[in-house]
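>>> attaching a predicted model along with its sequence, questions to come.
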Amino acid sequence: MDGDRQGWRQCSLVAAVFAVCMAGTTLPTPLYGLYQQKFGFSELMVTVVYAVYAFGVIGVLLLAGNASDAVGRRPVLLAGLGFSAASAVCFLCADGMTWLYAGRLLSGLSAGLFTGAATAYVMELAPPGGASRATFVATAANMGGLGCGPLLAGLLAQYASWPLYLPFAVHLALVAGAAVVVLLLSETVRERRRLSTVRPQRPGLPRQVRAVFGPAAIASFVGFALFGVFTSVSPAFLAQSLGVHNRAVSGLVVALAFFASIAGQLAAGRVGAGRSLPLGCAVLFAGLALLAGGLRWDLLALVVLSALVGGLGQGLTFRGALSAVADASPADQRAAVISTLFLVAYVGISVPVIGVGLLEGHLGLEGAGLVFIACMAVLVLAAAAYLLRRPARACGN
């Protein structure tokens with residue numbers, strides 16, 4: 001019993017560190033409007049600055065996603081916290097676009113290192129028989145941290161002084177505390193190797209996984225694309241179209257999507273992967289429809305509902321997608337398949353967002369958002385239709 005308690009205590013500490021790191025990646029979300037006023041850049045540049053983060057994550061996943069298997073979990077987490085701190089320093093020093101690009105890239109590097117290493121660390125520290133609970137703890141820390149970032153920044157920017165500095169100073173203090181926690185944790189990798197032994201990972205997709213992977217990847221792409229739009233352009237829409245200039249409210253709307261994702265992942269564990277993936281596609285479609293209504297009729301209530309429903313759908317689909325592709329994958333290729341799914345998800349969080357930024361100059365923010373929603377709705381309906389037509393094969397049963 002004492003061993004179980006100690007194991008869960010260490011799991012909770014790693015989860016807290018995970019949340020601190022991920023909070024730093026979304027911290028700038030409610031502040032982009034202030035940066036636009038300060039530096040005079042367009043909405044397209046907002047989406048590009050945001051997307052740089054995803055490219056950093058993708059680069060790390062491809063080049064060093066398995067680094068913690070070689071050198072240990074703690075060194076990789078400390079490196080990730082170092083990148084997170086460097087990102088905060090860039091934003092503190094920002095006097096032009098170059099600093100913002102650098103800050104977002106460093107933030108992506110920190111998230112890329114943490115995504116695999118912290119998830120594995122939580123699962124390894126869990127007591128025997130606690131794998132399922134540990135997986136949820138790790139994913140909840142990931143999404144919870146992403147949600148806390150805009151909420152913290154929005155509150156500090158709205159109700160405290162120095163809105164472009166205080167959020168990052170607070171985050172630096174949190175990162176310092178997280179580093180101390182990591183130093184006190186026990187290492188779970190027993191046979192460590194030199195960093196020079198780490199090789200780039202090649203995404204893999206065995207033949208028997210392809211039928212499962214298609215709809216799972218599409219649903220993941222749409223869910224992360226929805227998150228990308230919420231975290232990059234929704235504050236601008238709230239300000240320009242709805243007259244919501246309270247940065248705490250903007251941060252809260254974005255945070256709700258991530259918090260709802262945690263609820264969706266919890267629900268997915270109860271309904272099972274076979275049902276959560278098609279159900280999640282339906283919920284995602286409903287979230288997109290609500291967002292379209294909010295954009296078309298300038299209704300804050302519909303935008304808030306779309307964050308809640310869309311986040312719930314993202315949680316259902318992503319946990320269902322992970323379970324489905326993992327179950328269908330050969331054991332010796334499972335990590336490569338999951339890495340490929342994450343790559344698709346992070347492409348979803350970056351490329352469509354840039355597309356919205358490009359369209360905004362021609363169609364306006366509302367028109368660009370509606371085009372984005374139409375494209376994502378077609379994709380998620382295609383995935384749902386496939387799952388309904390071939391449920392057994394698509395769910396890896």
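Happy to help now that I have it. Residues are numbered from 1 along each chain as shown.

>>> contacts for stretch 234-243?
By C-beta atoms under 8 Å, 6 or more residues apart in numbering, the residues outside stretch 234-243 that reach it are 29-30, 32-33, 43, 46, 244-245, 247, 249-251, 253-254, 295, 298, 300, 303, 365-366, 369. For glycine as for every other residue, the C-beta is placed from the backbone atoms N, C-alpha and C.

>>> give me the mean pLDDT for that stretch.
For stretch 234-243, mean pLDDT is 90.

>>> what residues of that stretch count as buried?
By 16 or more other C-beta atoms under 10 Å, the buried positions in stretch 234-243 come out as 234-241.

>>> the residue lying closest to residue 263 once chain neighbours are set aside: which element?
Distances taken as C-beta to C-beta, 6 or more residues apart in numbering place residue 312 nearest to residue 263, at 5.9 Å, with adjacent residues excluded. Here residue 312 is covered by helix 300-328, with elements defined by DSSP states H and E.

>>> can you give me the mean pLDDT across stretch 37-54?
If you average the pLDDT over stretch 37-54, you get 88.

>>> rewinding a little: please pick the buried ones from the contacts of stretch 234-243.
29-30, 32-33, 43, 46, 244, 247, 249-251, 253-254, 295, 303, 365-366, 369.

>>> need the three-state assignment for residue 229.
Secondary structure for residue 229, judged by DSSP: H, G, I helix; E, B strand; the rest coil, is helix.

>>> can you pull the pLDDT of it?
87.

>>> if I pick residue 62, what's in contact with it?
Listed by C-beta under 8 Å, 6+ apart, the contact set of residue 62 reads 200-201, 203, 343.

>>> per-residue confidence for it?
pLDDT, residue 62: 86.

>>> backbone phi and psi for residue 59, please?
The phi and psi torsions at residue 59 (degrees, to the nearest 10) take the values phi -60, psi -40.

>>> and residue 28, by the same measure?
phi -70, psi -10.

>>> got the contact list for the residue nearest to it when sequence neighbours are not counted?
Nearest residue to residue 28, sequence neighbours excluded (C-beta to C-beta, 6+ apart): residue 91, at 6.6 Å. By C-beta under 8 Å, 6+ apart, the contact list for residue 91 reads 27-28, 99-100, 103, 164, 168.

>>> need the pLDDT of residue 91.
pLDDT, read off for residue 91, is 97.

>>> run a quick neighbour tally on residue 334.
17 (other C-beta atoms under 10 Å).

>>> that one and residue 327 touch, don't they?
No: the pair residue 334 / residue 327 is not scored as a contact, 9.2 Å apart, by C-beta atoms under 8 Å.

>>> in the helix or strand where residue 179 lies, which residues are buried?
Secondary structure assignment for residue 179, by DSSP H and E: helix 166-184. Using 16+ other C-beta under 10 Å as the test for burial, helix 166-184 gives 166-168, 170-172, 174-175, 178-179, 181-182.

>>> in JSON lines, list the residues you listed along with pLDDT and distance to residue 376.
As requested, the buried residues of helix 166-184 are exported to JSON lines (pLDDT from 0 to 100; distance: C-beta to C-beta, whole Å):
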{"residue": "166", "pLDDT": "98", "distance to residue 376": "35"}
{"residue": "167", "pLDDT": "98", "distance to residue 376": "30"}
{"residue": "168", "pLDDT": "98", "distance to residue 376": "32"}
{"residue": "170", "pLDDT": "98", "distance to residue 376": "34"}
{"residue": "171", "pLDDT": "98", "distance to residue 376": "31"}
{"residue": "172", "pLDDT": "98", "distance to residue 376": "36"}
{"residue": "174", "pLDDT": "98", "distance to residue 376": "34"}
{"residue": "175", "pLDDT": "98", "distance to residue 376": "34"}
{"residue": "178", "pLDDT": "98", "distance to residue 376": "35"}
{"residue": "179", "pLDDT": "98", "distance to residue 376": "38"}
{"residue": "181", "pLDDT": "97", "distance to residue 376": "38"}
{"residue": "182", "pLDDT": "97", "distance to residue 376": "38"}
